[in-house]
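**Student:** Need coordinates for the below:
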Amino acid sequence: MQARDVRAIENPLTAIFDLAEEVEAQTPKIQRLLRYTVWFVSGWLLLGFLLIVIVSAMPLFAFLFTVLLFGLLMLRGQVRSTTGEGLVLAAAILVGVLVILTFGAAFFLGIVLVALFFLGMTILDLVEDARALFTYHALRYRVIRAVRDADPIVHVPQGATPVARLLASLKERNATIAEMVAHPQALRMPAILTGKSGVAYEFDAFVTWPAGTLAPFGIGPRGAAVYVKAFPHAPTRADLEALRRAVEDVSLALRMPPTRVIALWKSDGTHDVPEETYTFLTTEVVGAVVRGRKVACSMELVTEMPDGTYDFIPLIVEALPAMPAVGASPRPA
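**Tutor:** Okay, the predicted model is just below:
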């Protein structure tokens, strides 16, 4: 990093991008540091667990109570409400006291070991938050850079229908979707899909990419699905809410997360997108719990304009690969 006066600013917008690029360049090192921290703390927790069981005067009870303590501290990181987190923490403290009581005469040693166990679990929780933050920053920066570097005008390609033209445009601009559409069995136009509730929904196009073999165990690709719904008019908020319910219901039935949810409209130039529709598109997401993981996907309104171009609300692009720092050779993670 170049030594300079951090107070010196020439162009604020350029400076923001320069700062983001500097953080992006350091992100792999920080992620390695966080990964090594997880390994070190996890090793200490395992050692602490063994010490608690070995030193305790009642090893069996110490083992059971420590396992319960570990489960409660893991659950605490998953609870989002303040009341629920407080109750889980209180239960963990109570179990921690029971672990200490199993030490008998070595009471003070039990306090030290249990306190360090609490500290280790807290560090793991904080490190996981930091890893999520840096992962989000790196991906978000690459998306913004992709938008900045992309052609701001997207022309409508040739095609018999608006849906066919949209798919052709997506193939040109998105390598993943191009690979999906290249397999005839992956594309259905139109498609009638049944949700988990048993209700059947109609989409103008549905493209899928199968999940990996180990996806049920949380390893590898979880699959992908692209939904396209064409509207004869500018979609209202009610139209988009109905589309969201349909995608979420189908996602639960297919156990496959939505990758793109597109509302398509061919404008005649005389009607604008309602304000409530714009607000929905920029603030709401399509959410579903697939294989125990919560996924969220923004809905995108693609408008085919009379001048032969597309308008996107919001614009969704795929992130470009991470770029190594200038003058530095790439190193394995």
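**Student:** residue ranges with poor pLDDT in this structure?
**Tutor:** Across the chain, the ranges flagged by pLDDT under 70 are 1-10, 80, 150-151, 210-223, 291-292, 318-333.
**Student:** Got the domain ranges for it?
**Tutor:** Per the record, the chain has its domains at 12-140, 155-313, by automatic domain parsing.
**Student:** Present these as JSON lines; the columns should include mean neighbour count and distance to D149.
**Tutor:** C-beta coordinates here come from the backbone N, C-alpha and C atoms, glycine included. Listed next are those as JSON lines, based on neighbours: other Cβ atoms under 10 Å; distance: least, Cβ to Cβ, whole Å:
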{"stretch": "domain 12-140", "mean neighbour count": "15", "distance to D149": "11"}
{"stretch": "domain 155-313", "mean neighbour count": "16", "distance to D149": "13"}
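**Student:** With distance to R148 added, can I get those in TSV?
**Tutor:** TSV is the format used below for the domains of the chain (distance: least, Cβ to Cβ, whole Å):
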stretch	distance to R148
domain 12-140	8
domain 155-313	15
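**Student:** Go ahead and name everything in contact with the helix or strand containing Y201.
**Tutor:** Taking DSSP states H and E as the definition, Y201 sits inside strand 200-203. If you take Cβ atoms under 8 Å, 6 or more residues apart in numbering as the criterion, strand 200-203 is touched by P190, A191, I192, L193, T194, G195, Y227, V228, K229, A246, D249, V250.
**Student:** could I get those as a markdown table with secondary structure and distance to L166?
**Tutor:** Listed next are the contacts of strand 200-203 as a markdown table, based on DSSP: H, G, I helix; E, B strand; the rest coil; distance: Cβ to Cβ, whole Å:
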| residue | secondary structure | distance to L166 |
| --- | --- | --- |
| P190 | coil | 13 |
| A191 | strand | 15 |
| I192 | strand | 19 |
| L193 | strand | 19 |
| T194 | strand | 24 |
| G195 | coil | 23 |
| Y227 | strand | 12 |
| V228 | strand | 7 |
| K229 | strand | 11 |
| A246 | helix | 18 |
| D249 | helix | 23 |
| V250 | helix | 19 |
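**Student:** out of the residues you listed, who's nearest A106?
**Tutor:** Taking Cβ to Cβ as the measure, A106 lies nearest D249 of those, at 56.7 Å.
**Student:** which residues touch the closest one?
**Tutor:** Counted by Cβ under 8 Å, 6+ apart, D249 has contacts G195, K196, S197, V199, Y201.
**Student:** Quick check: the farthest pair among those?
**Tutor:** K196 and Y201 (11.4 Å).
**Student:** shared neighbours, those two?
**Tutor:** D249, V250.
**Student:** Relative to the whole chain's centre, how far out is stretch 116-127?
**Tutor:** Offset of stretch 116-127 from its chain centre (Cα atoms, centre = their mean, to the nearest Å): 23 Å.
**Student:** which residues are in contact with that stretch?
**Tutor:** 34, 37-38, 41-42, 44-45, 48-49, 52, 66, 69-70, 73-74, 76-77, 92, 96.
**Student:** can we see that at 6 Å?
**Tutor:** With contacts defined as Cβ atoms under 6 Å, 6 or more residues apart in numbering, stretch 116-127 is touched by L34, T37, V38, V41, W44, L45, G48, L73, G77.
**Student:** The residue nearest the centre of the chain in helix, strand or coil?
**Tutor:** Nearest residue to the geometric centre of the chain (Cα atoms, centre = their mean): V295, 6.2 Å. Following DSSP: H, G, I helix; E, B strand; the rest coil, the label given to V295 is strand.
**Student:** measure the nearest residue in space to it that is not next to it in sequence to T208 for me?
**Tutor:** Spatial nearest neighbour of V295, chain neighbours left out: P257 (4.0 Å); criterion: Cβ to Cβ, 6 or more residues apart in numbering. From P257 across to T208, the span is 11 Å (Cβ to Cβ, to the nearest Å).
**Student:** ditto for A20
**Tutor:** 34 Å.
**Student:** How about V23?
**Tutor:** 36 Å.
**Student:** Next: A263.
**Tutor:** From A263 to T208 the distance is 19 Å (Cβ to Cβ).
**Student:** Next: T303.
**Tutor:** Taking Cβ to Cβ, one finds T303 at 25 Å from T208.
**Student:** before we move on, what about D268?
**Tutor:** Distance from D268 to T208, by Cβ to Cβ: 33 Å.
**Student:** Also V79?
**Tutor:** 34 Å.
**Student:** go on, I177?
**Tutor:** For I177 relative to T208 (Cβ to Cβ), the value is 11 Å.
**Student:** all strands for the stretch 1-150 of the chain, in order.
**Tutor:** Using DSSP state E, counting those that start in this stretch, the stretch 1-150 of the chain contains no strands.
**Student:** can you give me the helices for it?
**Tutor:** 12-55, 59-78, 82-101, 107-149 (DSSP state H, counting those that start in this stretch).
**Student:** Between those, which one is closest to A238.
**Tutor:** Among those, helix 107-149 sits nearest to A238 (Cβ to Cβ), with 29.5 Å.
**Student:** Let me see the backbone angles for M256.
**Tutor:** phi -140, psi 130 (degrees, to the nearest 10).
**Student:** Test my guess that it contacts A225.
**Tutor:** Yes - if you go by Cβ atoms under 6 Å, M256 and A225 touch, sitting 5.0 Å apart.
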